[in-house]
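Asks: below is the sequence, then the predicted model.
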Amino acid sequence: MLDEVGRWLRRRSWRVADRPLEDLLAAKRRTGTTVSVVLPALDEEATVGDIVSVIRRELASPHPGTGTALVDELIVMNSGSTDRTAEVAAAAGAEVVHRDEVLPRLPPRPGKGEVLWRSLLATSGDIVCFVDADLREFSPDFVTGIVGPLLTEPDVHLVKAMYDRPLRNDPAGGGRVTELVARPLLNLHWPRLAGLVQPLGGEYAARRSLLERLPFPVGYGVELALLVDTLELAGLDALAQVDVGVRLHRNQDGQALGRMATAIHAAAERRIARGPATVDGTRGGIEALSGGTALTQFERDGTGCFVPRGHLVDVEERPPMCTVPEYGQRMAA
Ligand SMILES: O=c1ccn([C@@H]2O[C@H](COP(=O)(O)OP(=O)(O)O)[C@@H](O)[C@H]2O)c(=O)[nH]1
Ligand SMILES: O=C(O)[C@@H](COP(=O)(O)O)O[C@H]1O[C@H](CO)[C@@H](O)[C@H](O)[C@H]1O
């Protein structure tokens, strides 16, 4: 792992408890910053209502004793749902916006990134916080954790949640596309981003002033793209991550994740082709170590903190055997 990433991990990795809600509300009052929460939702009738209810009750209502609410705007972006997502979300207290209603001169394309992009036109908060609508056992910590640094750290512009991601009985089996596609891509091509524990996580918050300047892939490439483009536009220190515990969500099947992986590869290839332009003119290309390249993976240590584990992946290639003299000699014998 690059020394710069080690320093970034120490400087830009936090826990929810580092910023109590009362401190966030005080900072919000002091600065007059506004906060919008956006849930992209495609057929999420089973889960969207509980998430909206928790945010509405815990974060969008004036906090006792302060009269201030952390969340000013709570939007469910309806991504073309055919179930009762819209009705359930509205009944729980969200404003529901259909993707067709936003920028109607531009017919919407299917995809998560499409509705996240359109949500910028449908909201007004200085901070925009994205939360998936398929989460189970949702905690308001997901929102306070990622919004917090944006209220207290002027140099931070995008904050990712980090969490355990169980999959059925495997406590760390989730995040399959993260582990098999995104983490290798980032380590190979953008090693400065190797410190992100959950680069594809769907819970992240950012300043509108950043998001409005970034392209949004219309599909599942959006999370990787926003990270890479933020690195290149604003530098590594503009990014941060907060440990919010455990994330449970609906897990798609392998075929669906194959389509997701394709979208992520496409977003990465487009950025690789763009070349190594970053704030200091380098991209920190493939970190060539003797005999291989580094892959940084993460696990929780005995104190419950995410710690990086470096692995050397041998990417060497042997030449065609026909160019090996001993081979020619053997074949001639
Ligand atoms: O075309 C789409 C695909 C997904 N989503 C939403 O984006 C979030 C994450 O998508 P999904 O759960 O499919 O991804 P996963 O979490 O399985 O990677 C969920 O709230 C989806 O309802 C969306 O709004 N439009
Ligand atoms: O992180 C991942 O590998 C995928 C799939 O997660 P699981 O293997 O189903 O836990 O989930 C994420 O990826 C999508 C693409 O970036 C995001 O849009 C989702 O919000 C996120 O859940």
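Replies: That came through fine. Please read all numbers here as calculations on a predicted model, not as lab measurements. Ligands and ions are numbered 1, 2, ... in the order given.

Asks: the chain against ligand 1: which residues are in contact?
Replies: 40-42, 44, 79, 110-112, 115, 132-134, 202, 249-250, 252 (C-beta under 6 Å from any ligand atom). (Each C-beta comes from the backbone N, C-alpha and C, glycine too.)

Asks: which is the succeeding secondary structure element to the lowest-mean-pLDDT helix or strand in the chain?
Replies: When each helix and strand of the chain is scored by mean pLDDT, DSSP states H and E, strand 288-289 comes last, with a mean of 50. Toward the C-terminal end, the helix or strand that comes next after strand 288-289 (DSSP states H and E) is strand 292-300.

Asks: and the closest residue to ligand 2 within the stretch 151-300 of the chain, how many residues sit next to it?
Replies: Nearest residue of the stretch 151-300 of the chain to ligand 2 (C-beta to the nearest ligand atom) works out as Gly202 at 2.4 Å. By other C-beta atoms under 10 Å, the residues close to Gly202 number 23.

Asks: any idea how far Ala41 is from the closest residue to it other than its chain neighbours?
Replies: In space, Gly202 comes closest to Asp132 once its chain neighbours are excluded; the distance is 3.7 Å by C-beta to C-beta, 6 or more residues apart in numbering. Using C-beta to C-beta, to the nearest Å, Asp132 is found at 9 Å from Ala41.

Asks: more neighbours: which of those two?
Replies: A count of neighbours by other C-beta under 10 Å puts Ala41 above the other of Asp132 and Ala41, at 30 against 21.

Asks: contacting residues for the residue of the stretch 151-300 of the chain closest to ligand 2?
Replies: Pro40, Phe130, Val131, Asp132, Glu223, His249 (C-beta atoms under 8 Å, 6 or more residues apart in numbering).

Asks: give me the three-state assignment for it.
Replies: Using DSSP: H, G, I helix; E, B strand; the rest coil, the structure places Gly202 in coil.

Asks: residue numbers of the protein in contact with ligand 2?
Replies: Residues of the chain lying near ligand 2 (C-beta under 6 Å from any ligand atom): 112, 132, 165, 167, 174-178, 200-202, 220, 223, 249, 251-252, 260.

Asks: now, of those residues, which are buried?
Replies: 112, 132, 165, 174-178, 200-202, 220, 223, 249, 251, 260 (16 or more other C-beta atoms under 10 Å).

Asks: of those, which belong to helices?
Replies: Lys112, Arg176, Val177, Glu223, Met260 (DSSP state H).

Asks: pull the most distant pair out of these.
Replies: For those, with distances taken as C-beta to C-beta, the pair at the greatest spread is Lys112 and Arg176 (16.7 Å).

Asks: now the strands for the stretch 101-250 of the chain?
Replies: 127-130, 135-136, 158-164, 204-207, 239-246, 248-249 (DSSP state E, counting those that start in this stretch).

Asks: Ala60 is nearest to which of those strands?
Replies: Ala60 lies closest, by C-beta to C-beta, to one member of the strands of the stretch 101-250 of the chain: strand 127-130, at 11.5 Å.

Asks: quick one: contacts of that closest one?
Replies: Residues contacting strand 127-130 (C-beta under 8 Å, 6+ apart): 33-40, 71, 116, 119-120, 143, 146-147, 150-151, 202-208, 211.

Asks: Phe130 - how many residues pack around it?
Replies: Neighbourhood size, Phe130 [other C-beta under 10 Å]: 26.

Asks: distance check, it against Phe216.
Replies: From Phe130 to Phe216 the distance is 11 Å (C-beta to C-beta).

Asks: what's the overlap in contacts for the two?
Replies: The contact lists of Phe130 and Phe216 share Leu116, where a contact means C-beta under 8 Å, 6+ apart.

Asks: low pLDDT regions in this structure?
Replies: 276-291 (pLDDT under 70).

Asks: and if we set it to 80?
Replies: Within the chain, the segments meeting pLDDT under 80 span 275-293.

Asks: mind listing the helices for it?
Replies: 3-12, 21-31, 48-58, 85-92, 112-122, 141-152, 176-177, 183-189, 208-211, 222-234, 254-274, 325-332.
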